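Engineer: Just the structure for this:
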Amino acid sequence: MIMKAKAVNISINLVPRDPFFDSALGRMLQWALSVGRYLVIFTELVVIVSFATRFTLDRQVTDLNDALNQKKLIIESYGTLESQFLTIQAKLADVKQIHQQINIVDTFPKLIAAVPNDVQLDELNITTDTAYLSGSVGSQNTLNLFLNNLQLSPDFFSVTVDEIESQGSKTPGFTFVIRVKTQAEAKVKAITPPAKPTPVTNQ
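Structural biologist: As a prediction, the model looks like this:
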């Protein structure tokens with residue numbers, strides 16, 4: 001039995017090899033050319049990714065600027081509201097102060113109307129919700145009349161006697177320090193105060 005010989009592929013390069021590529025510089029250039037292709041491809045990929053990333057970042061920056069502008073407009077609107085609130089608050093404070101001054105002015109004649117003729121006031125101090133009276137009275141009856149007038153008056157409540165002292169055996173009468181609340185606070189504590197009799201005046 002005759003076996004056929006297997007054909008062998010023979011490659012013949014008729015171009016002579018350049019001896020330059022056998023030198024160190026030639027081998028270096030050949031290596032640089034082969035590796036340089038990959039470096040170029042990698043650089044192109046980096047550039048493409050950079051462009052794509054920049055588009056994404058530009059979109060994010062645009063969205064952030066829009067959000068900042070919207071918040072800026074909201075803050076500016078709140079700034080106007082705050083200015084209006086401060087203005088209204090200042091006006092309310094002025095109205096409250098004027099109202100307190102009116103209460104103080106109105107309290108004075110009401111106190112004088114409740115003071116009997118035999119009572120001498122040495123000091124009268126009126127605040128927005130309290131009146132302080134100090135002075136002297138010639139008799140116990142007059143002092144009782146004065147206290148009754150304050151207690152029965154619809155303009156005052158919570159009469160407190162802070163001090164009562166006798167003027168001595170040679171001088172009849174008493175010195176006193178009395179504290180009363182004004183009607184302004186009475187309206188807060190009692191919305192519908194009960195009817196009270198008319199104060200008794202000293203004839």
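
Engineer: tell me the mean pLDDT over the longest strand seen in the chain?
Structural biologist: Longest strand in the chain, counting residues (DSSP state E): strand 156-166. Mean per-residue pLDDT for strand 156-166: 86.

Engineer: helices and strands around it, which ones?
Structural biologist: Here strand 156-166 is seen to pack against helix 24-114, helix 140-152, strand 174-182, helix 183-189 when contacts are counted using 3 or more Cβ pairs under 8 Å, 6 or more residues apart in numbering; DSSP states H and E. Every residue, glycine included, has its C-beta placed from N, CA and C.

Engineer: tell me the angle of the longest one relative to strand 174-182?
Structural biologist: With axes from the mean of the first three to the mean of the last three Cα atoms, to 10 degrees as the criterion, the two stretches helix 24-114 and strand 174-182 enclose an angle of 130 degrees.

Engineer: okay, the angle between helix 24-114 and strand 156-166?
Structural biologist: Angle of helix 24-114 versus strand 156-166, following the same axes, to 10 degrees, is 70 degrees.

Engineer: tell me how far helix 24-114 is from the chain's mean position?
Structural biologist: 20 Å (Cα atoms, centre = their mean, to the nearest Å).

Engineer: Now do that helix against helix 140-152, angle only.
Structural biologist: 130 degrees.

Engineer: Can you tell me how far residue 168 is from residue 93?
Structural biologist: Separation of residue 168 from residue 93 (Cβ to Cβ, to the nearest Å): 49 Å.

Engineer: Quick check, residue 131 in contact with residue 182.
Structural biologist: Yes - with contact defined as Cβ atoms under 8 Å, residue 131 counts as touching residue 182 (6.2 Å).

Engineer: residues shared between the contacts of these two?
Structural biologist: Listed as contacting both residue 131 and residue 182 by Cβ atoms under 8 Å, 6 or more residues apart in numbering are 107, 156.

Engineer: of the two, who's got more company?
Structural biologist: Taking neighbours as other Cβ atoms under 10 Å, residue 131 and residue 182 compare with residue 182 leading, 23 against 20.

Engineer: Could you check how far that one is from residue 114?
Structural biologist: 12 Å.

Engineer: between those two, what contacts are shared?
Structural biologist: residue 156.

Engineer: what's the pLDDT at the residue nearest the centre of the chain?
Structural biologist: In the chain, the centroid-proximal residue (Cα atoms, centre = their mean) is residue 82; its distance is 10.0 Å. On the pLDDT scale, residue 82 is placed at 74.

Engineer: now it: how far from residue 68?
Structural biologist: For residue 82, the distance to residue 68 - Cβ to Cβ - is 20 Å.

Engineer: Quick check: mean pLDDT of stretch 182-195?
Structural biologist: Averaged across stretch 182-195, the pLDDT comes to 47.

Engineer: how far away is residue 49 from residue 40?
Structural biologist: Separation of residue 49 from residue 40 (Cβ to Cβ): 15 Å.

Engineer: Might you list the low-confidence residue ranges for this protein?
Structural biologist: Scanning the chain for pLDDT under 70 picks out 1-22, 79, 97-104, 169-170, 183-203.

Engineer: Domain ranges for the chain, per the record?
Structural biologist: Listed domain ranges for the chain are 25-87, 113-189 (source: automatic domain parsing).
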